[in-house]
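Turn this into a model:
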Amino acid sequence: MVSHLCKIAGVSRQGYYNYFSPKQVQRRRDREKKDNSLRELVLKAYHFKNRKKGARQIKMVLAGQFGVVFNLKRIRRIMKKYRIESPFRRANPYKRIMKATQEHKVVKNILNREFKQGIPYKVLLTDITYLYYGKGKRAYLSTILDASTNEVLAHQVSDRVTIDIATDTLKKLKKNRRIKLVKGAYIHSDQGSHYTSPIFQKLVKKFRLDQSMSRRGNCWDNAPQESFFGHFKDLAHFESCETLEELKQEVKAAIHYYNHYRYQWNMKKMTPVQYRDHLLKVA
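A predicted model of the protein is given here:
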């Protein structure tokens with residue numbers, strides 16, 4: 001009977017008896033026990049600060065917060081085995097909704113994708129995205145990002161997408177006394193009507209900043225900013241917000257987490273704030 005079943009299953013009799021031998025049964029039990037322990041550690045990092053994470057983030061949180069070092073292959077195996085799902089990153093849905101008039105001006109792309117210049121507070125990236133919350137409600141988030149460190153330096157949430165959302169973000173940046181912009185600092189954006197607006201451009205000059213713009217229809221010219229929005233929407237909990245004020249509080253909390261606790265694989269596995277301090281020390 002055993003031989004017949006082994007033939008159907010395509011295994012040898014020796015393999016069958018070896019699989020059910022006391023030694024192999026105990027080995028599988030020991031492995032399962034070990035995997036369960038690893039699962040608890042992975043889940044501890046996965047739920048750290050109540051923000052969603054993928055395998056790389058889990059690896060860096062384990063090392064940075066808990067002093068535990070695992071390789072990515074092991075973490076991914078545990079996640080797959082126990083169905084610990086990484087957040088799915090959706091494409092940025094932001095589209096230009098206002099048409100530029102003849103007064104609007106496109107400026108040269110002086111950044112030219114040289115994002116990581118190793119100097120905090122020099123290259124600033126900005127953009128606007130949609131945020132969906134509550135039951136079909138929509139708001140807008142404007143941010144200014146430090147290209148060298150990925151730190152969010154200023155943000156503004158609004159239920160309207162007027163020019164104010166862009167200018168108010170810039171004003172918040174200027175009011176932050178902790179931020180010391182270096183000589184020759186400039187702000188880079190796409191060619192959206194907020195940034196080609198004479199109102200925005202006048203404010204940029206008032207704050208003694210230069211301005212740079214992506215080439216038309218080329219999202220790669222502002223890639224770190226686009227990437228930030230994707231990651232940010234993964235880790236934030238907008239669906240639980242019922243009011244605009246609740247949404248603002250969640251955005252503020254999520255940005256604080258991103259700046260201080262979200263480790264970056266390509267920045268020496270540091271958080272944006274840690275990497276900013278690191279660059280300022282070696283400068």
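
What segments of the stretch 151-283 of the chain are helices?
Using DSSP state H, counting those that start in this stretch, the helices assigned to the stretch 151-283 of the chain run over residues 163-175, 193-196, 198-206, 223-235, 244-261, 272-282.

Include mean neighbour count, mean pLDDT and distance to Ala154 when you put the ones you listed into TSV, please.
Every residue, glycine included, has its C-beta placed from N, CA and C. Shown next, in TSV, are the helices of the stretch 151-283 of the chain (neighbours: other C-beta atoms under 10 Å; pLDDT from 0 to 100; distance: least, C-beta to C-beta, whole Å):
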stretch	mean neighbour count	mean pLDDT	distance to Ala154
helix 163-175	18	96	4
helix 193-196	23	92	15
helix 198-206	14	95	13
helix 223-235	19	91	13
helix 244-261	17	97	10
helix 272-282	16	94	14
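
Which one, of those, ends up nearest to Arg28?
Distance to Arg28, taken as C-beta to C-beta, is lowest for helix 223-235 among the helices of the stretch 151-283 of the chain, at 35.1 Å.

Using CSV, list the CA coordinates for the closest one.
Only the C-alpha atoms of helix 223-235 are listed here, as CSV (Å, rounded to 0.1, in the frame of the first residue of the first chain):
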residue,chain,number,x,y,z
ALA,A,223,11.4,61.5,-8.7
PRO,A,224,12.2,61.7,-4.9
GLN,A,225,9.1,63.9,-4.4
GLU,A,226,6.9,61.5,-6.3
SER,A,227,8.4,58.5,-4.4
PHE,A,228,7.8,60.2,-1.1
PHE,A,229,4.1,60.6,-1.8
GLY,A,230,3.8,56.9,-2.7
HIS,A,231,5.5,55.8,0.5
PHE,A,232,3.7,58.4,2.6
LYS,A,233,0.3,57.1,1.5
ASP,A,234,1.3,53.6,2.5
LEU,A,235,2.2,54.4,6.0
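
Which strands or helices does that helix pack on?
With contacts taken as 3 or more C-beta pairs under 8 Å, 6 or more residues apart in numbering; DSSP states H and E, helix 223-235 sits against strand 123-133, strand 137-146, helix 244-261.

Nearest to Leu153 among the ones you listed would be which one?
So among the helices and strands packed on helix 223-235, strand 137-146 is nearest, using C-beta to C-beta, at 4.9 Å.
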